[in-house]
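Participant: Next one to model:
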Amino acid sequence: MVHELFNQALARHYEAVKNQYPGEGRRKTRLRVLYHSWPGIALPRGSGDVPKTAPPALTEIDPNPLDQTLEDDELGLIIRTDFTNEAAWKTFCAKVEVTQKDLISDLAGGAPADDVPMEEGASSQADGTESDSSTEVPDMIKILDPQEQSDRARLTNISNLTALRLFNEVDIRPTPPPPAGSKKISPPNPLVDRAGWQEIYTGKTLWIYDSRSNADECARLVSQTGDFYGTATGDSWRARASHICELQFNLSQGMKIDFNGQDRWDWNERARNLEEATTI
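Facilitator: Numbering: from 1, shown residues only. Just a heads-up that it's a prediction; the model follows:
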């Protein structure tokens, strides 16, 4: 559900921004609208009537270059961003596919969700809703391995933030409150706190296979929002190939990665994101 203030900004500006930057696709147009309206995203007094919701044909149905990649029902997407070691990539994929097959088999056979192990630093925060009783269990993870050189060039060594902007939908939320007695971040950054708002994303969970993956057989698990104040949208940590599907399932059941309140996210990746944040 898009935040009401952002929805109003979309209603006011989406079509004009789309016409100014034709052919960029829905996701980038939405991002441009957000930054066009920020930090004055709250509508000024006396600005006249604005629709409660933006026209769906513009903000939701408009085509986007990568929509076809996201059409299926998988919960997560592994994005290959390093193409230097085919053997390592195939080994990684094989481990993901074996564990995915085993997990789906267990779930289809009625194994309870509690039997699926959780990574250290994860806590269960299920919302209390009943799980689907159907025995038809879709794949947990889709693997994106582009073959065209132009597509590979577009994804090579991308940051977490770039991946979110390519494959997820942008939104906003009020930034989490800073701890008592602490100061707000300076300089402000939309991924953490800019005028009391935080840039966030919705969509499939993203996992990024990078150059380090060739050696450690891990992928970056990308967060769609910050955690507590000072952490950032796009933060990530590394999960082993053999754990990805189990983690993906648990995340879909309401598990939250919180490291027990400690900031143990990858600082180098955070720094990349913060530097790129205002570049559209």
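
Participant: For the stretch 151-280 of the chain, which segments count as strands?
Facilitator: Assigned by DSSP state E, counting those that start in this stretch, the stretch 151-280 of the chain shows strands spanning 169-174, 197-202, 205-209, 218-222, 236-240, 255-257.

Participant: worst average pLDDT in these?
Facilitator: When these are ranked by mean pLDDT, strand 255-257 comes last with a mean of 83.

Participant: what comes up buried for it?
Facilitator: For strand 255-257, the neighbour count (16 or more other Cβ atoms under 10 Å) marks 255, 257 as buried. (Each C-beta comes from the backbone N, C-alpha and C, glycine too.)

Participant: what about the stretch 151-280 of the chain, any weak spots by pLDDT?
Facilitator: 260-261 (pLDDT under 70).

Participant: could you redo the last one with a cut-off of 90?
Facilitator: 179-183, 254-265 (pLDDT under 90).

Participant: Next, work out how far apart the residue nearest the centre of the chain and Leu164 are.
Facilitator: Closest to where the C-alpha atoms of the chain average out (Cα atoms, centre = their mean) is Gln224, at 3.9 Å. Gln224 sits 7 Å away from Leu164, going by Cβ to Cβ, to the nearest Å.

Participant: ok, now Ala94?
Facilitator: For Ala94, the distance to Leu164 - Cβ to Cβ - is 27 Å.

Participant: out of these two, which sits in the busier spot?
Facilitator: Higher neighbour count among Ala94 and Leu164: Leu164, with 26 against 11, using other Cβ atoms under 10 Å.

Participant: Chain neighbours aside, what residue packs nearest to the more buried one?
Facilitator: Leaving aside its chain neighbours, Leu164 sits nearest to Tyr201 (4.5 Å; criterion: Cβ to Cβ, 6 or more residues apart in numbering).

Participant: Which other helices and strands does whichever helix or strand Leu77 is part of contact?
Facilitator: Using DSSP states H and E, Leu77 falls within strand 76-80. Counting contacts by 3 or more Cβ pairs under 8 Å, 6 or more residues apart in numbering; DSSP states H and E, strand 76-80 is packed against strand 141-144, helix 160-167, strand 205-209, helix 241-252.

Participant: Can you check which of the ones you listed gets nearest to Arg80?
Facilitator: For Arg80, the closest of the helices and strands packed on strand 76-80 is strand 205-209, at 4.8 Å, according to Cβ to Cβ.

Participant: thinking Pro146 is in contact with Arg80, fair?
Facilitator: Yes - counting by Cβ atoms under 8 Å, Pro146 touches Arg80, with 7.3 Å between them.
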